[in-house]
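Trainee: Here is a sequence with its predicted model. Questions after.
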Amino acid sequence: MKLALQIDDEDGPSSFRPGDPLRGILEIRGCSFKSLFRIKARFFAELTVKVYPDVNTYCTNEYNHILFEQSEDLKILQSTSVNDDVGNCVFLCPIEFTFPLTLNCACENSCQLPSSVSANDGKLQIKSTYWLSATVERRIVGKLTRTNRVRQELPFSCNPVVNNFAASCIVALSVDKLSQNFESASRELVGFGRADYPPIYSPSLQMEVILPEPPVLTRGRGTPVRLVLHTPQELMQGAHIYVRSVEIQMQAAISALLRYTWKSMADTRLGNNIKGAVPINSEHFELDLGAWGIFVVIQSRPSSNSCLLKVGYAIEVIVGISNGVEGSIQYLKASLDVLVMDPPPIYRAEAHNIA
Ligand SMILES: [Zn+2]
């Protein structure tokens, strides 16, 4: 006997979303109608968290959470039981489910379902998978039955709720680090020779990172990242400050609940990296990054925040600054939490009409 699942994806091969209908056909070949005893479909999602053994632990620690589960008995469409080439009947059973809107969890929040995720760093594996499976039980001899199974993975995507993440941040670099002369000059200026007490006047060069508001990165689309350097006047007059490098990357953190403890993995995603020597020629200087200032997220899954799985992202900007092109490079590092989303589905809006 041969089983096959055909998923109705007339709207294209994009991912399913919460509330989407799931329609399909189970095709059964190579058996007689009389032998078919019970036909069932199961639609479910599972989160697998697996910790691989290391030198201290000898066995793999693994846990499966069922995120939701629906099942139904299937009926054969009599009108479609047609003969195939070799004279066997082909039985077709229609399947119909609906993707749930929330996670079937025990917490007080109605958590969102996580998108399909598959992450593995060699020590930890986190997978959330959506499945449609079907089983066919048929009589062999007397009461003896045999069960055949087929299953298919369903790509699923759920965008996060937009929250109030800050769209900009400022980090500072003390100018002492760029100019030794400046350090002693500023002390003389304010009249203190001792570094410890009272606090001396310590101006700083500041870097402002600005993202669109709210800081949402849509997969496949570029997000402009703006960098503005605020240089104190004293430093502008006494030194030649250069931007030597700009690195924009994304930090991803995925954590999942394994029984009672959260297991996490971090990942740094490819970003934009430029090197050179750009003179800072005004007190408030916006770096013209051109195409390099557009950050594109390609493979990352949407951000997620539930009581079983969290997927979070931050944009990290590291800028190298020097006094003169020969001077040692000092680094300013800023990090902003962002949300990653999938682009809206391409299919008709009325097909996804959730209140
Ligand atoms: Zn929950």
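Mentor: Alright, I've got the coordinates.

Trainee: Give me the three-state assignment for Phe165.
Mentor: At Phe165 the chain is in coil, as set by DSSP: H, G, I helix; E, B strand; the rest coil.

Trainee: For it, give its distance to Phe44.
Mentor: Distance of Phe165 to Phe44, given as CB to CB, to the nearest Å: 33 Å. For every residue, glycine as well, the C-beta is placed using N, CA and C.

Trainee: and Arg269, how many residues sit next to it?
Mentor: For Arg269, the count of nearby residues is 16 (other CB atoms under 10 Å).

Trainee: Now do the SS call for the residue sitting nearest the centre point of the chain.
Mentor: Nearest to the geometric centre of the chain sits Arg301, at 3.1 Å (CA atoms, centre = their mean). Put simply, Arg301 is coil when judged by three-state DSSP.

Trainee: And it, how close does it get to Asp267?
Mentor: 11 Å.

Trainee: swap in Ser300?
Mentor: 9 Å.

Trainee: And these two? Which one has more around it.
Mentor: Neighbour count, other CB under 10 Å: between Ser300 and Asp267, Ser300 has more, with 17 against 13.

Trainee: The more buried one is in contact with Leu270, isn't it?
Mentor: No - counting by CB atoms under 8 Å, Ser300 does not reach Leu270; the two are 10.7 Å apart.

Trainee: contacting residues for the residue nearest to the centre of the chain?
Mentor: Arg301 is in contact with Ser115, Ser116, Val117, Ser157, Val311, Val340, counting by CB atoms under 8 Å, 6 or more residues apart in numbering.

Trainee: Burial check on the closest residue to the second one other than its chain neighbours, number of neighbours?
Mentor: Take Ser116 and drop its neighbours on the chain: the residue closest to it by CB to CB, 6 or more residues apart in numbering is Phe156, 4.9 Å away. Around Phe156 there are 21 other residues, counting by other CB under 10 Å.

Trainee: ok, now Pro53?
Mentor: 11.

Trainee: what about it, helix or strand, and which?
Mentor: Under the criterion DSSP states H and E, no helix or strand holds Pro53.

Trainee: got a list of what it touches?
Mentor: Contact analysis of Pro53 by CB under 8 Å, 6+ apart lists Cys59, Thr60.

Trainee: quick one: the closest residue to the ion within the stretch 151-300 of the chain from Pro345, how far?
Mentor: The ion sits closest to Leu257 of the stretch 151-300 of the chain, with a gap of 10.0 Å, by CB to the ion. Separation of Leu257 from Pro345 (CB to CB): 29 Å.

Trainee: Kindly report the residues of the stretch 51-200 of the chain close to the ion.
Mentor: Cys105, Cys107, Cys111 (CB under 5 Å from the ion).

Trainee: quick revisit: residues touching the residue of the stretch 151-300 of the chain closest to the ion, list them.
Mentor: Contacts for Leu257 (CB under 8 Å, 6+ apart) come out as Val49, His65, Lys263, Cys307, Leu308, Leu309.

Trainee: Pick the one among these closest to the ion.
Mentor: Lowest distance from the ion to these (CB to the ion) belongs to Cys307, with 3.3 Å.

Trainee: what about the closest one, how many residues close to it?
Mentor: Neighbour tally, Cys307, other CB under 10 Å: 13.

Trainee: Please enumerate the strands of the stretch 201-350 of the chain.
Mentor: Applying DSSP state E, counting those that start in this stretch to the stretch 201-350 of the chain gives strands spanning 204-210, 216-218, 222-224, 226-230, 241-258, 261-279, 284-286, 294-296, 304-305, 309-323, 330-341.
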